[in-house]
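> fold the following and give me the result.
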Amino acid sequence: MTRHVQHCENVVAALDFSNPADLVEETIHEVERITEEVTMLASFSRINHTAFLKILKKHDKHTEYMIKPMFMMRLDMRSSQFEVLDDMVVRLSRIFDILRRGPDSCLLSSGMSTSGVQ
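Here you go, the predicted structure:
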């Protein structure tokens, strides 16, 4: 996914907005497709996270061995995956804004770069 977002950023950086043609529309469709995939992936990840927590809770309720605290530490370390997906959506939003409004869009003029997450 990250490579797809980076590719779109590179395409947008190289676009000639004085002659917007099919490449702009093609890139817009690509950004929309990637955004939908990232959104679905984030949704599935959150659902799986919730389901796993419910499984742990049920396990701990029906057995003497408590495993939820151990897994919660591991899950907390991996919670950054949600932040990565959210950052991707922000990057895609910037790209989409540039494609819709042109290179002088409000996100660029407010000092934000289109190079993505540092």
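> which elements pack onto the host helix or strand of Lys54?
Assigned by DSSP states H and E, Lys54 belongs to helix 22-62. When contacts are defined as 3 or more C-beta pairs under 8 Å, 6 or more residues apart in numbering; DSSP states H and E, helix 22-62 packs onto helix 2-14, helix 68-78, helix 80-101. Every residue, glycine included, has its C-beta placed from N, CA and C.
> list the buried residues for the last one?
Meaning helix 80-101. Neighbour counts over helix 80-101 (16 or more other C-beta atoms under 10 Å) mark Leu85, Asp87, Met88, Arg91, Leu92, Arg94, Ile95, Phe96, Asp97, Ile98, Leu99 as buried.
> kindly reformat the residues you listed as CSV containing distance to Met1 and pLDDT.
CSV is the format used below for the buried residues of helix 80-101 (distance: C-beta to C-beta, whole Å; pLDDT from 0 to 100):
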residue, distance to Met1, pLDDT
Leu85, 8, 81
Asp87, 11, 85
Met88, 6, 86
Arg91, 10, 87
Leu92, 10, 88
Arg94, 16, 87
Ile95, 13, 86
Phe96, 16, 84
Asp97, 19, 85
Ile98, 19, 84
Leu99, 19, 82
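> many thanks, have a good one.
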